[in-house]
Each structure stands twice: as C-alpha cells, then as structure tokens.
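Chemist: would you be able to build a 3D model of this:
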Amino acid sequence: MDVKGIGSHNIINVYNKNANNKVVSKEVIKQSTDRIEISSLGKSLTDFSLEGLSINDPSKIAELKNKVESGNYNVDAKLTAKSMINYIKETKIK
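Modeler: Numbers count the residues shown, from 1 in each chain. Have a look, this model is predicted:
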C-alpha cells in the first residue's frame, strides 16, 4: 500500500501545475458613443431667446419684490395670454 503524505511539496506542485496552465483571454472593449438629436420644434425654440433683454435689473427685481410682499402685484391673465399669442404669431412657429 502506497500512502502519500500531505506535505507542502504536494500543494506547491498542484499550484505550479495550475499556474502553468493559465488561459490568456482577451476581452474586446467596445467603445460606445453618445448621440443626440434635436427635433425641429426644439430647434425652433431657439428663436425664443431673450435677444439682449436684461432680466437681471436690480431695480426692477426690487420693485417687483416689494409689490409681491405688499400684496399690490396684480397679473392680468388675459393680457399675458394675448402677449404670448402675439409673440408666437410673430415668430411663426410651425
């Protein structure tokens, strides 16, 4: 009867055998690219730029803030809607 002992040399031999049988695998890395498309409606919205209008005028901001805080700020909904419709008609968004 042949009994092999459990020694460190047996473990090292198994490790070396596995180290020699390495499989080299190459992974192909696929480079992805992002793409964005802007619709014709989105492109037409660029016409809604403020075209040089200053919206950060500190005096106007302070005046509006005071009116809102005091409760004297009134919005005419019909006038606002009419102005919006006129602006859209002028720019001819289709």
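
Chemist: from now on I want contacts and neighbour counts done on CA atoms only, so please keep to that.
Modeler: Noted.

Chemist: strands along this structure, start to end?
Modeler: In the chain, no strands are defined using DSSP state E.

Chemist: looking at it, which helix is longest?
Modeler: In the chain, assigned by DSSP state H, the helix with the most residues is helix 77-91.

Chemist: could I have the CA atoms of that one written out in PDB?
Modeler: In PDB, the C-alpha atoms belonging to helix 77-91 read as follows (Å, rounded to 0.1, in the frame of the first residue of the first chain):
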ATOM      1  CA  ALA A  77     -54.100  86.900 -17.200                       C
ATOM      2  CA  LYS A  78     -55.800  88.000 -20.500                       C
ATOM      3  CA  LEU A  79     -53.000  90.500 -21.200                       C
ATOM      4  CA  THR A  80     -50.300  87.900 -20.500                       C
ATOM      5  CA  ALA A  81     -52.000  85.300 -22.800                       C
ATOM      6  CA  LYS A  82     -52.600  87.800 -25.500                       C
ATOM      7  CA  SER A  83     -48.900  88.800 -25.400                       C
ATOM      8  CA  MET A  84     -47.800  85.200 -25.600                       C
ATOM      9  CA  ILE A  85     -50.100  84.500 -28.600                       C
ATOM     10  CA  ASN A  86     -48.900  87.600 -30.400                       C
ATOM     11  CA  TYR A  87     -45.300  86.700 -29.900                       C
ATOM     12  CA  ILE A  88     -45.900  83.200 -31.200                       C
ATOM     13  CA  LYS A  89     -47.600  84.600 -34.300                       C
ATOM     14  CA  GLU A  90     -44.800  87.000 -34.900                       C
ATOM     15  CA  THR A  91     -42.100  84.200 -34.800                       C
END
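
Chemist: give me the mean pLDDT for that helix.
Modeler: Mean pLDDT, helix 77-91: 88.

Chemist: shift numbering so it begins at 21
Modeler: Fine by me, first position is 21 from now on; the one you just mentioned is helix 97-111.

Chemist: return the set of buried residues in that helix.
Modeler: Under the neighbour-count criterion of 16 or more other Cα atoms under 10 Å, helix 97-111 has nothing buried.

Chemist: that helix packs against which elements?
Modeler: Using 3 or more Cα pairs under 8 Å, 6 or more residues apart in numbering; DSSP states H and E as the contact criterion, helix 97-111 has no neighbours among helices and strands.
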